[in-house]
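Visitor: With the sequence up front, the predicted model follows.
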Amino acid sequence: MVSRLLADVSKHITDATSCRGTKGDNGASKDLGGAKKVKGENGNDVMEVELPTVREDVDHIWAAARSALTAKALKEREHRDAATKQADSDRTSRTNVVLAWLATNMCVLVTFGCYVSR
């Protein structure tokens, strides 16, 4: 019974660390540019990428990037629905149980480890 409980908890630790995710921020950023697949001169598929070649274009892009980085982002208030709040609460509870389990195991190891080493 105890070994099954320990196996379930260790499985939960593995699942909990691999399932955290980014809470909805899973899409690709739209401002990173991209490449297009086109047919080349000899009929092969090649990737086409737009790159600035004129010095003024590079300077303009650099200045725009610097000004975007200096501007502070506005904080958007996050509105979560009831299901998301409940799921977050459940995750927090499970995380706290796992942390408490780890802490008690550490205490047991330290306590009995001292007696065994004597």
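Guide: Nice, I can see it.
Visitor: For this structure, give me the ranges with low pLDDT.
Guide: Along the chain, the model assigns pLDDT under 70 to residues 1-33, 117-118.
Visitor: need the longest helix for it.
Guide: Counting residues, the longest helix found in the chain (DSSP state H) is helix 82-117.
Visitor: how far does that one sit from the chain's center?
Guide: 22 Å (Cα atoms, centre = their mean, to the nearest Å).
Visitor: next one: stretch 61-79
Guide: Centroid separation for stretch 61-79 versus its chain: 21 Å, with Cα atoms, centre = their mean.
Visitor: What distance separates the opening and closing residues of it?
Guide: Its first and final residues considered, stretch 61-79 spans 34 Å by Cα to Cα, to the nearest Å.
Visitor: what's next to that stretch, contact-wise?
Guide: Pro52 (Cβ atoms under 8 Å, 6 or more residues apart in numbering). From N, CA and C alone the C-beta is placed, and that goes for glycine too.
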